[in-house]
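1. how would this look folded up:
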Amino acid sequence: MERLPGGAAPAGGGAEGRRGAAVTRYELKLPLAPYRFVWRDEPAVSAEKAATASYTEERYRHADGTTTVIREYRADGSFHILSDRGEIELVDNANDPHAPDPVSIVRLP
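-> Next up, the predicted model:
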């Protein structure tokens, strides 16, 4: 699978959202580490939260109709980011012993 800058990869075939509509072109599975999520451009205009037995999900809709989804899996605390808006960038401070801040940054599209 082709890797995009910052670790995001194009989603193969589109992941299915809760309502059955394909919502992703980009996805990033994050290893276990502390993360701070920030918007790279303008923030979302609406948000919904949902939960299943496997994960909790925050679904953000932007003014242009695109969607960004953040899932946190209950089994291990890992995150999976899905977006049809653009690439997701990871600044991996957790694995950089020289980083002034040990919290990794995820820049959401």
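2. Now the residue nearest to the spatial centre of the chain. Nearest residue, chain neighbours left out?
-> The residue lying closest to the centre of the chain (CA atoms, centre = their mean) is residue 81, at 2.2 Å. Nearest non-adjacent residue to residue 81, counting by CB to CB, 6 or more residues apart in numbering: residue 28, 4.6 Å away. For every residue, glycine as well, the C-beta is placed using N, CA and C.
3. can you tell me the helix or strand for the residue nearest to the centre of the chain?
-> strand 79-83 (DSSP states H and E).
4. Now find how far off-centre the next helix-or-strand element following that strand is within its chain.
-> Per DSSP H and E, strand 79-83 leads on to strand 89-91 as the next helix or strand towards the C-terminus. Remark: strand 89-91 is offset 10 Å from the chain centroid, using CA atoms, centre = their mean, to the nearest Å.
5. helices or strands up against strand 89-91?
-> strand 104-108 (3 or more CB pairs under 8 Å, 6 or more residues apart in numbering; DSSP states H and E).
6. And for residue 96, the neighbour number?
-> Residue 96 has 12 neighbours, counted by other CB atoms under 10 Å.
7. roughly how far apart are it and residue 104?
-> Taking CB to CB, to the nearest Å as the measure, residue 96 falls 9 Å from residue 104.
8. Contact partners for residue 40?
-> Counting by CB atoms under 8 Å, 6 or more residues apart in numbering, residue 40 touches 89, 107-109.
9. From the residues you listed, pick the one nearest residue 67.
-> Among the contacts of residue 40, residue 109 lies closest to residue 67 (CB to CB), at 10.2 Å.
10. if you go through the protein in chain order, where are the strands?
-> 9-10, 26-30, 35-39, 46-51, 55-61, 67-73, 79-83, 89-91, 104-108 (DSSP state E).
11. where does the protein have low pLDDT?
-> Where the chain drops to pLDDT under 70, the residues are 1-24.
12. residue at max distance from the center of it?
-> Largest centre distance within the chain, by CA atoms, centre = their mean: residue 98, 25.0 Å.
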